[in-house]
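**Student:** sequence unknown, structure follows:
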């Protein structure tokens with residue numbers, strides 16, 4: 001295996017280094033990759049609340065409450081954006 005920083009070969013008209021061509025240690029990934037476990041539940045909850053608010057806004061829009069549908073719809077989009085940002 002190549003050393004880190006060693007000059008790589010040309011691959012598809014690019015100069016990639018060999019240091020990036022190593023297999024990850026799965027045990028270390030499972031041990032230190034806590035982001036996914038920590039935030040995935042909160043992301044799903046926030047996105048679920050956002051989808052419920054979108055459904056409620058559509059329901060309000062079909063019953064003729066356009067002002068409230070707009071307010072709830074804007075709030076739903078804001079919550080869905082927050083859920084998306086947490087998931088990133």
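**Tutor:** Nice, I can see it. In this text the structure is predicted, and so the values were computed from the model without any measurement.
**Student:** Which other helices and strands does the biggest helix by length in the chain contact?
**Tutor:** Longest helix in the chain, counting residues (DSSP state H): helix 35-62. For helix 35-62, the elements it packs on are helix 66-87, judged by 3 or more Cβ pairs under 8 Å, 6 or more residues apart in numbering; DSSP states H and E. C-beta coordinates here come from the backbone N, C-alpha and C atoms, glycine included.
**Student:** For the helix it packs on, which residues meet the burial criterion?
**Tutor:** Going by neighbour count (16 or more other Cβ atoms under 10 Å), the buried part of helix 66-87 is 69, 72, 73, 76, 79, 80, 83.
**Student:** Quick one: classify the residue of the chain most remote from its centre as helix, strand or coil.
**Tutor:** Distance from the C-alpha centroid of the chain, by Cα atoms, centre = their mean, peaks at residue 64 (34.8 Å). Recorded secondary structure, residue 64: coil (DSSP: H, G, I helix; E, B strand; the rest coil).
**Student:** what about it, distance to residue 72?
**Tutor:** The spacing between residue 64 and residue 72, counted by Cβ to Cβ, to the nearest Å, is 14 Å.
**Student:** For the longest helix of the chain, list every residue counted as buried.
**Tutor:** 43, 46, 47, 50, 53, 54, 56, 57, 60.
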